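Enquirer: sequence below, structure please.
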Amino acid sequence: MSQSIADGKRDGPSLPESHEANPEMFQEEAGRTDRVSFLWRRLRRAAPTVLVLAALAGLGYFGHHTGWKIPKFSQLTGSVLLADQDWCIEHGVPESICVACDASLMPKGKLHGWCKEHGVAECPWHHGEMAQLSEPPQISPADLDRARRALALKQRPKNDPACQLHLRRIQFASREAVDKVGIDIALVDRAPIVEAVFATGEIAYDPTRVARLSSRTAGTVWRVDKSVGESVQTGEVVALVDAAEVGRAKAELLQAVTQLDLQTKTYRRLAHLEGVVPGRRLLEAETAQAAAEIAVHKAIQALVNLGLPISRADVRDQTADQLSRRIQFLGLSSGITAQLDARQTTTNLIPVIAHRDGIVVTRDVVAGEVIDRSETLLTVVDTSEMWLLLDVRLEDAEYVRLGQRVFFHPDGSADNHAGTATWISTEVDPETRTVKVRAELPNADRRLRNESFGAGQIVLREEQDAIVAPVEAIHWEGCCHVAFVRDKDYFKKGSYTVFHTRMVRPGVTHGGITEVIAGLLPGEVVVTLGSDVLRAELLKGNLGAG
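Expert: Have a look, this model is predicted:
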């Protein structure tokens, strides 16, 4: 027993002496304490549920008596003083001049609804009175045609016909309040715009303007008169080749002409002796003459096939010596023959002639080199016109048409070259998924270089008098594109400081401006800098303010 009492003193508080004297009373009091603890624990567990049910009941009571409407900020905070001072907390202006709360202060006029043609509500193209201009706008057929062309070219960003943002007006207490929030404005204006497809491109020689010069027959390069970078003219000799076949063809021509001369004389002599010599002999002489004539034609044709200029008239009535001197340097210009010694120069020379004007871009031989007829000696290119090969994205290729204007800006150059689209590939590159488009670019100044890269654009549409607005003035609000237009009476005494929300249909954007297909007219004033303040007011309205 003494050990237990000692343990009790160590483990907890000591028991009163009365309890030690009366154990039954101690057990009864302990039971009551356990019941109270149990009830307290149950109550603590049920408290959160009770609080939630009470909150829901309070919310139901509040909604039933307020028609489930969100009260104004002044009602929630109990700002009776502000309400007494004629202030619209919802719209941030005095209640007495709030045009949003009292539309009769600034009537909107007749609403015309959705315009299917241009995809905006309250379309100014058809209802000019909607424009915030001091004078009625003049809508010209050219403006309507321009909008039609823009919409017909490709799909444009669309607006939701059910959107009601265009009915909102953003009001400020004063012009000073507008200045304080940092709002800036810009004028809707007219400017030229270009809508184009952009693509990377590469310059290449026009294959139809490339001449790969070679010899008509095998031989040894005797002389090369042109080097890379030099210009050549059509018919100019660029190289000379010593070819044995040429000498053989010339010899055969001389032999055929000599034989023809002999057979002709024989036939004429026998013809004068007709009746004296047998007819068979005369017939044989006539046949031999005809065979000699054919041999001459064959020898002439062999030289023509080698590219040497000669005809039957050039050998008629020519003696062998005369003809030999005539064909020794056949095909060579007088300037070249003047440089040659007829007694020491071979008659086997055949010229390599340029068949078009251009520039020598490659030279693959030197004098003394043995060549074959299949080898290219020099390459001459007419660079007055070059090809531009563009890699157009598949989704853009559907808008490209033959004859459209093309501009190219080479890398590392300030030049901008213009041309015309002449070919659209029927295939899609399997690796890049792009479509090849070719354009021909004039290159009279020779500033375009083969295999140079750069940026190209294919012009789809050009408008010289389009309606434009700064990019910052047009916003996408989830259901439509809008711009904030300053009221036309903004500076009139006693007028309201109001900006109208206008639904717009944007077109091409380039260089910091956006084309306005419909929704704004030239001369209207739109908000640019600080437009987030007005957008916040729209958002507040969408969230159910008021």
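Enquirer: which residues are contacting stretch 101-115?
Expert: Applying C-beta atoms under 8 Å, 6 or more residues apart in numbering, the contact partners of stretch 101-115 are 88, 90-91, 95, 97-99, 120-123, 125-127, 129-130, 161, 167, 169, 496, 498, 518, 546. C-beta: built from backbone N, CA, C; applies to glycine.
Enquirer: stretch 280-291 too?
Expert: 260, 263, 264, 266, 267, 270, 271, 274.
Enquirer: excluding chain neighbours, what is closest to the third one?
Expert: This means residue 264. residue 289 (5.5 Å; C-beta to C-beta, 6 or more residues apart in numbering).
Enquirer: beyond the helix or strand encompassing that neighbour, next helix or strand please.
Expert: Assigned by DSSP states H and E, residue 289 belongs to helix 279-305. Following helix 279-305 in sequence order, the next helix or strand is helix 312-315 (DSSP H and E).
Enquirer: which other helices and strands does the following helix or strand past that following helix contact?
Expert: Next helix or strand after helix 312-315 toward the C-terminus (DSSP H and E): helix 320-327. Helices and strands touching helix 320-327, by 3 or more C-beta pairs under 8 Å, 6 or more residues apart in numbering; DSSP states H and E, are helix 244-272.
Enquirer: give me the buried subset of the contacts of stretch 101-115.
Expert: Buried by 16 or more other C-beta atoms under 10 Å: 88, 90-91, 95, 97-99, 120-123, 125, 127, 130, 169, 496, 498, 518, out of those.
Enquirer: contacting residues around residue 260?
Expert: Residue 260 is in contact with 289, 292, 293, 295, 296, counting by C-beta under 8 Å, 6+ apart.
Enquirer: pLDDT score for it?
Expert: Residue-level confidence at residue 260 comes out at 81, pLDDT.
Enquirer: return the distance of the helix holding residue 289 from the chain's centre.
Expert: Distance, stretch centre to chain centre, for helix 279-305: 69 Å (C-alpha atoms, centre = their mean, to the nearest Å).
Enquirer: next, the angle from it to helix 244-272.
Expert: Orientation of helix 279-305 against helix 244-272 (axes from the mean of the first three to the mean of the last three C-alpha atoms, to 10 degrees) gives an angle of 150 degrees.
Enquirer: which of the residues in helix 279-305 are buried?
Expert: 282, 285, 288, 289, 292, 293, 295, 296, 299, 300, 302, 303.
Enquirer: and it, what's its mean pLDDT?
Expert: 84.
Enquirer: any low-confidence regions in this protein?
Expert: Across the chain, the ranges flagged by pLDDT under 70 are 1-36, 38-40, 43, 59-85, 274-277, 541-546.
Enquirer: so which strand or helix has residue 386?
Expert: Take DSSP H and E as the rule and residue 386 turns out to sit in strand 385-393.
Enquirer: who does that strand pair up with?
Expert: strand 189-205 (antiparallel), strand 434-442 (antiparallel) (DSSP bridges).
Enquirer: next SSE after it?
Expert: Following strand 385-393 in sequence, per DSSP H and E, is helix 394-397.
Enquirer: which residues sit against that following helix?
Expert: 197, 199, 424, 428, 433, 434, 435, 437.
Enquirer: and the strand or helix carrying residue 335, what's buried?
Expert: Counting by DSSP H and E, the element that carries residue 335 is helix 334-337. Within helix 334-337, the residues that count as buried by 16+ other C-beta under 10 Å are residue 336.
Enquirer: what is it packed up against?
Expert: For helix 334-337, there are no packing partners by 3+ C-beta pairs under 8 Å, 6+ apart, so no helix or strand.
Enquirer: what lies in contact with the helix or strand that it is followed by?
Expert: Using DSSP H and E, the helix or strand that follows helix 334-337 in sequence is strand 349-353. Strand 349-353 has contacts (C-beta under 8 Å, 6+ apart) with 213-217, 219, 222, 235-243, 246, 306-308, 329, 331-332, 336, 377-378.
Enquirer: and stretch 298-311, by the same measure?
Expert: 216-217, 243, 245-246, 249-250, 252-253, 255-257, 312, 315, 327, 330-331, 350-351, 353.
Enquirer: neighbours of the residue nearest to residue 388 when sequence neighbours are not counted, just the number please.
Expert: Nearest non-adjacent residue to residue 388, counting by C-beta to C-beta, 6+ apart: residue 439, 4.4 Å away. Neighbours of residue 439 under the rule other C-beta atoms under 10 Å: 24.
Enquirer: who does residue 439 bridge with?
Expert: Note on residue 439: beta-bridge partners residue 388, residue 421, judged by DSSP bridges.
Enquirer: how close does it get to residue 174?
Expert: Distance from residue 439 to residue 174, counting by C-beta to C-beta, to the nearest Å: 58 Å.
Enquirer: would you mark the buried spots in the strand holding residue 386?
Expert: 385, 386, 387, 388, 389, 390, 391, 392.
Enquirer: and stretch 207-215, by the same measure?
Expert: For stretch 207-215, by 16+ other C-beta under 10 Å, it's 209, 210, 211, 213, 214, 215.
Enquirer: same check, this time on stretch 243-259
Expert: Applying 16+ other C-beta under 10 Å to stretch 243-259 flags 243, 245, 246, 247, 249, 250, 252, 253, 254, 256, 257, 259 as buried.
Enquirer: surely the third one touches residue 331?
Expert: Right, the one you point to is residue 246. No. Using C-beta atoms under 8 Å, residue 246 is not in contact with residue 331; the gap is 9.1 Å.
Enquirer: give me the subset of the buried ones among the contacts of stretch 101-115 lying in strands.
Expert: 88, 120, 121, 169, 498, 518 (DSSP state E).
Enquirer: quick one, the helix holding residue 289 and strand 349-353 angle?
Expert: 50 degrees.
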